Every structure is written in C-alpha cells, then in structure tokens.
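J.: Sequence first, then the predicted structure:
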Amino acid sequence: MSVASTAAPFHTTADTSRAISTFSVVDYVVFGLLLVLSLVIGLYHACRGWGRHTVGELLMADRKMGCLPVALSLLATFQSAVAILGAPAEIYRFGTQYWFLGCSYFLGLLIPAHVFIPVFYRLHLTSAYEYLELRFNKAVRICGTVTFIFQMVIYMGVALYAPSLALNAVTGFDLWLSVLALGIVCNIYTALGGLKAVIWTDVFQTLVMFLGQLVVIIVGAARVGGLGHVWNVASQHGLISGIELDPDPFVRHTFWTLAFGGVFMMLSLYGVNQAQVQRYLSSHSEKAAVLSCYAVFPCQQVALCMSCLIGLVMFAYYKKYSMSPQQEQAAPDQLVLYFVMDLLKDMPGLPGLFVACLFSGSLSTISSAFNSLATVTMEDLIQPWFPQLTENRAIILSRSLAFAYGLVCLGMAYISSHLGSVLQAALSIFGMVGGPLLGLFCLGMFFPCANPLGAIVGLLTGLTMAFWIGIGSIVTRMSSAAASPPLNGSSSFLPSNLTVATVTTLMPSTLSKPTGLQQFYSLSYLWYSAHNSTTVIVVGLIVSLLTGGMRGRTLNPGTIYPVLPKLLALVPLSCQKRLCWRSHSQDIPGLSNLFPEKMGNGALQDSRDKERLAEDGLVHQPCSPTYVVQETSL
C-alpha cells in the first residue's frame, strides 16, 4: 500500500488573517501552578528527613521505589516536549505511517526487561557505566561515561530552549522568562531532593501531559464534528497510511524501519541510557524493576495514539477552517502550538494547560538529565579517585554537581539561541551517540571474547561513523533546502527554523532520489542506532580476536548474559554432542540462575557460591566455537 503524500498539506487559499490568541491571566496562573506544584513536590522530598539523607537516597532513592512511579517516570523522561510538538506535526504533514513506531515498543521494552535489567540489577550498580569496568576495565568505563556526559550536556540546553522558542514565536510568551523559570525550578528540586523528588515530580508531570493532550483531542474533535468525521476526512485525503513493506533502509518511514529499526532506538533509550537505568535500579526489587518496564508499554501506546489523534484532529480542523498567513509560514515545531492557541482561544485556562503539558515534558527530561549526570560524575569520575570521601561530603558534592549541571543547562540554552541552523545538528547528537553506547554494552554482554581494546576501538569507530552519517545528512539536506524553493510556498523546511529533529523530521523526504554518497546520507534516521551499534560490535569483535580476545584475563560471569546456554538448552542433547557443543551453565556457580549477583563491596550475593568463587577464577577460552567458561586456579 502507498504512503501518504510527502508534500506538507498546508491550506493556502486563505486571504484573511486571524489574530493569534495570546496568554490570558488565567493561562499564566495555570502555567505557574505547574511550576509551583513541581517545586513543592520536590522540596517535600528534600525536606523530609533533612540531615538524615544518604548518598544512596539522593542518587538512587534508597532503592525503595515501587513499579508504578518508576514506570511513569520512565515514560515522562521519554515523552519530552520535543515529542509532544513533533509527533502531531509528523502525522499532520506525512500521515499515520509514524504510528507503526508503536510496534517497536514491544521488543524495545521486552529485551531490557529480561536482558539488561537482570544484569544491571544483580550487579547492584549505581552507574550503568560501572558495568563497563566490571566487564572490561576502568578506561572503557571512563570512555562510556565521557560519551554519555557529552551526549546529555549538548541535549539539555536544546531541550530547554526549543519549546521556549516555539512558545515565544506563537504566543509572545517571554522567551528567557520561561527558560529561566523552568531551569531554576528544575535545578532546585533536582539538586535538593535527588532521584526520589525527580521520580515523584515526573509522576505529576506525566498526568499533566496526558491531561493537556486529552483536552486538545476532545475540544478539537467536538469542533470539527467528532472523531468519526476526523477519521473520514483524513482517509479522504490519503492521510491514513497502510503498511508500507518496502525494505529499503533509505526510505524515511516504512513498516520495517519503524517496527524494527525503532527497536534499536528504544534499546538505546530504555536499555543502556543512565537516566532510565537509574530508575530501574531505584526499584525495591528486581521484579518491581521488570514490572515497571512492562507498565511503560501500555502507557507509551496511549501516548503515541494521543499524539497521532492530535495530528489528525489538526488536519481535519484546518480543512474546515482556513489558516492564517502566519500559520502557513510556520515551522513544523510551531504547528501544534498555533493550532492549540487557535482552537482554545475562547477557553481561558486551557491554552495554559497545554503549555503546562508541554513544559512538563521539558521538566521531566531535564531533571532526569541533571540527576543522571550528577550520578555518573560522582560514581565514575570522583569516587574511584577519592574512595575515602565521607558521607556528608559526598552528599554536598552530589547536590553541588546537580546544581552545576543545571547552570550548564542554562548556559547551553543561551548558546542554543546563537546556533541558528546548527541547532538541528545539536538536537541530532542525542540520537547519534545512543547507538554506539548501545553497541558497547551489547559487545560486553553478549560476546565473552571481546576485550578492552576491542571495546574502545569499536566505540570510537561507532561514534565516528555516527557523526559522519548524521552531520553529513544534515549538511546535504540544508544544501538541498537552500537550492530549492519551499513546498507550497511554505518555509517549513528552511534551515533557520527550529525543527523537531530527534523524533520526526530528522530525515525529510526529497522529491528526487539521491545517488552515490548522498544516498548513504539519506539513511533513515530510525536505522541510525542499528547501524552504529552494529559497527561497534563488528569492529570490537575483529579487534578483540586480532589481539587475543580474553586470553589471560579474568571474566566476571555476572557481566555476561548467557545467550548460547539458553539457546542450547532448547537443542536435544544428542545434537549438542554431535556438534561438539557443551553447555557449561551448570558448571558455573550462579549461571544456572543466569549469573551470580555482586554486592556493592564486590562479594557475590549467592551464599552457596561465595566460598567456591573466592578460591576459583573464571576465564574465557577464545578458541572454542562457542564461549566456554573454564574454572582455573588463580
């Protein structure tokens, strides 16, 4: 079946201009309530037990969180303001093909629940990058940490500045007032309240996000004649997309791109990103962590459906009511805000509710970034060099780090205001770096022969490939946009506009199919994570095998996910013998239950195996066709 037309469906027949509504006093009050309540929730958890806080409570919520608040916090971190603005605009412009991204949520959450969470949780980690030292060495851990810090620092300021800029352009809401208000409020409750404050404010902000989007859907559908009419209008104009089974990875959105390429994007977010891993590890048990991952799945589906419905309602609305010249010239990231202000202009308070919804996405994303950056800096870069740091000094330092990253976020927001056309590149960096980090963790977890040198070379190669393709595609697209007139007289593709690069408009379709190197640059953005993570794994394995693999090195079995033993358990024993394969999962203490657990002091939690593992080492024999873990004396 064919996809919807790639031309932006702007209605250009209007000659009259309608004034766009500005914020009323009630709207300001509703928006202010969001900030005040977020601050109150954060300060409550900061003041509760003041003076008795520990580093574990500040960074990991004392590992006592339930699955529901963790699930809503996971969702809030993913559902940023960029997604709230971008997904409906994507549906409005290109049709419902984007909805098939929801198919990737199943594997994208099932794999973390049953692979990454058990490994991380049983190792009793605080920072996800501590895993890299346990599996490889300290150098690999520092490389992973520095890469993550670079990724989040670049993204933080843009995530704060982008919705503020769009809001300022549409409503006249003061740009720097909104930036400073969000940054300061978020900074205070994150630095003082720690992860527990972040999680509970995320819960409140998630409810605000759902409520704001629901209001827009209900009012918009009622204004145009109901959801049935909305669906009919979208169908008549080819906006309802069928299943596009084209396997070409250079086609921006197909079923395979969204359903399977999206899995790798989801894994980079929910599998190995510190902001999400930290929430899993804050759960009171491994079962609660897995259940929180399960609970995210229906919530994400609801969030995606609501975004798609807003896009369809917006399309039906502008088929019934003409656009103003301002709206026709709007950038993609401004379309939804123009629509909301136009739709709700006669309902004081509701525009403020949607803006509160929009900035709830920003607050949840930025607070997660502050907290996760403070955690990895403390755990990976400070405590290893200062192991005798006292509890009180560690608490002060942790809060100072969160506050410092808040100031860096405000500084990055100011820098973003001067980036111009480079702003889209800054937004894209978040996606570029996620794939190589996913590949690094997969290399360590699934390939016991991978060694530290292979991990470092693989990571550097993956990052190089990621930036080559990502930045090359942006430069090529900007050149094409400058050389050709905008579609339908609209300036929506001009590089000076702020586009929602990370979710929907990273790879706009072109009228002519590119060739040569330009075709390589037109790789669909949803295959970025898959391509870059595979590059890390392949290069890492080649370098590891050329340098002797893990020969002579000890291998902690808790850092390996036993894929082959689990697969071999399904093969008849006679076939295993014929293939000269032997499962050693029963020979290794703790591997019969996936792997033994590591306490914070390096001891194993399984008391039956403590004595034996204290006397014996576990090393990898690289010459075997499958990995064989053999017990040898230290």
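T.: Happy to help now that I have it. Just so you know, these numbers come straight off a predicted model, no measurement behind them.
J.: Leu125 touches Leu281, doesn't it?
T.: Yes: using CB atoms under 8 Å, Leu125 is in contact with Leu281, at 6.2 Å. C-beta coordinates here come from the backbone N, C-alpha and C atoms, glycine included.
J.: which residues touch stretch 75-84?
T.: Stretch 75-84 is contacted by residues 159, 162-163, 202-203, 205-206, 209, 213, 269-270, 275-276, 279, 296, 299-300, 303, 307, 336, 357-362, 364-365, 368, 427, 500, 502-503 when judged by CB atoms under 8 Å, 6 or more residues apart in numbering.
J.: Apply 6 Å and report the result again.
T.: With CB atoms under 6 Å, 6 or more residues apart in numbering as the test, stretch 75-84 has contacts from 163, 202, 205-206, 275, 296, 299, 303, 358, 361-362, 364-365, 368, 500, 502-503.
J.: The residue most central in space within the chain sits in which helix or strand?
T.: The centroid of the chain falls nearest to Leu269 when counting by CA atoms, centre = their mean (3.9 Å). According to DSSP states H and E, Leu269 maps onto helix 262-270.
J.: and the next element down the chain from that helix?
T.: Next along the chain from helix 262-270, counting by DSSP H and E, comes helix 274-281.
J.: What is the subsequent helix or strand relative to that following helix?
T.: As assigned by DSSP H and E, the chain's next helix or strand after helix 274-281 is helix 286-320.
J.: quick revisit: next step: the contacts of stretch 75-84 restricted to helices.
T.: 163, 202, 205-206, 275, 296, 299, 303, 358, 361-362, 364-365, 368 (DSSP state H).
J.: In those, find the pair that's most separated.
T.: The most widely separated members of the ones in helices among the contacts of stretch 75-84 are Pro163 and Val296, with 22.7 Å between them, by CB to CB.
J.: any chance you could map the strands in the protein?
T.: 616-621, 628-633 (DSSP state E).
J.: Show me the shaky parts of the stretch 501-634 of the chain.
T.: Per-residue confidence for the stretch 501-634 of the chain (pLDDT under 70) gives these ranges: 501-519, 567, 569-570, 575-634.
J.: Around Leu541, how many other residues sit close by?
T.: With neighbours defined by other CB atoms under 10 Å, the count for Leu541 comes to 18.
J.: Show residues contacting stretch 372-384.
T.: Residues contacting stretch 372-384 (CB under 6 Å, 6+ apart): 59, 126-127, 129, 145, 152, 274-275, 278, 398, 401-402, 405.
J.: is it possible to export these to a markdown table including neighbour count?
T.: Below are the contacts of stretch 372-384 laid out as a markdown table (neighbours: other CB atoms under 10 Å):
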| residue | neighbour count |
| --- | --- |
| Leu59 | 26 |
| Thr126 | 23 |
| Ser127 | 27 |
| Tyr129 | 29 |
| Thr145 | 23 |
| Met152 | 26 |
| Gln274 | 28 |
| Ala275 | 26 |
| Gln278 | 27 |
| Ser398 | 23 |
| Leu401 | 21 |
| Ala402 | 30 |
| Tyr405 | 25 |
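J.: ok, back up a step: could you write out the alpha-carbon coordinates of the helix holding Leu269 in CSV?
T.: Below are the C-alpha coordinates for helix 262-270, written out as CSV (Å, rounded to 0.1, in the frame of the first residue of the first chain):
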residue,chain,number,x,y,z
GLY,A,262,12.8,1.6,16.1
VAL,A,263,13.7,-1.3,18.3
PHE,A,264,17.4,-0.3,18.4
MET,A,265,16.4,3.3,19.1
MET,A,266,14.2,2.1,22.0
LEU,A,267,17.0,-0.1,23.3
SER,A,268,19.4,2.8,23.3
LEU,A,269,16.9,4.7,25.4
TYR,A,270,15.4,2.1,27.7
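J.: where do the helices sit along the stretch 51-200 of the chain?
T.: Counting by DSSP state H, counting those that start in this stretch, the stretch 51-200 of the chain has helices at residues 55-60, 67-78, 81-94, 104-111, 117-122, 130-135, 138-171, 175-224.
J.: Where does pLDDT dip in the stretch 101-250 of the chain?
T.: For the stretch 101-250 of the chain, no range has pLDDT under 70.
J.: how far away is Pro118 from Ala46?
T.: Going from Pro118 to Ala46 by CB to CB, to the nearest Å gives 32 Å.
J.: That should have said Ser285, apologies.
T.: Distance, Ser285 to Ala46, using CB to CB: 26 Å.
J.: Of those two, which one has the most company?
T.: Neighbour totals were compared for Ser285 and Ala46, and Ala46 leads with 21 against 13 (other CB under 10 Å).
J.: Return the residues in contact with that one.
T.: Leu192, Gly193, Ala197.
J.: do that again at 7 Å, thanks
T.: Contacts for Ala46 (CB atoms under 7 Å, 6 or more residues apart in numbering) come out as Tyr189, Leu192, Gly193, Ala197.
J.: Number of residues surrounding the second one?
T.: A count of nearby residues for Leu192, using other CB under 10 Å, gives 19.
J.: next one: the last one
T.: Ala197 has 27 neighbours, counted by other CB under 10 Å.
J.: Kindly report the same for the third one.
T.: Neighbourhood size, Gly193 [other CB under 10 Å]: 29.
J.: now swap in Val153 and tell me
T.: Counted with other CB under 10 Å, Val153 comes out at 17.
J.: for the one 4 residues further on, same thing?
T.: The criterion is other CB under 10 Å. On that basis, Gly157 has 25 neighbouring residues.
J.: Do I have it right that it meets Cys409?
T.: Yes: if you go by CB atoms under 7 Å, Gly157 and Cys409 touch, sitting 5.5 Å apart.
J.: pLDDT weak spots in the stretch 351-500 of the chain?
T.: Ranges of the stretch 351-500 of the chain meeting pLDDT under 70: 418-431, 477-500.
J.: Go through stretch 187-195 and flag the buried ones.
T.: Across stretch 187-195, burial judged by 16 or more other CB atoms under 10 Å covers Asn187, Ile188, Tyr189, Thr190, Ala191, Leu192, Gly193, Gly194, Leu195.
J.: now, among these, which is nearest to Leu33?
T.: Lowest distance from Leu33 to the buried residues of stretch 187-195 (CB to CB) belongs to Tyr189, with 15.1 Å.
J.: That closest one - nearest residue in space that isn't next to it in sequence?
T.: Nearest non-adjacent residue to Tyr189, counting by CB to CB, 6 or more residues apart in numbering: Gly42, 2.2 Å away.
J.: From Ile366, how far off is the one you found?
T.: 13 Å.
J.: same check, this time on Ala402
T.: Distance from Ala402 to Ile366, counting by CB to CB: 11 Å.
J.: now do Leu35
T.: Using CB to CB, Leu35 is found at 13 Å from Ile366.
J.: out of the two, which sits in the more crowded spot?
T.: In terms of neighbours (other CB under 10 Å), Ile366 is the more surrounded of Leu35 and Ile366; the figures are 30 against 18.
J.: is it true that that one touches Ala159?
T.: Yes: between Ile366 and Ala159 a contact is recorded at 6.0 Å, counting by CB under 7 Å.
J.: what sits in contact with each of those two?
T.: With contacts taken as CB under 7 Å, 6+ apart, not a single residue reaches both Ile366 and Ala159.
J.: how many neighbours does Ser164 have?
T.: Neighbours of Ser164 (other CB under 10 Å): 27.
J.: Much appreciated, bye for now.
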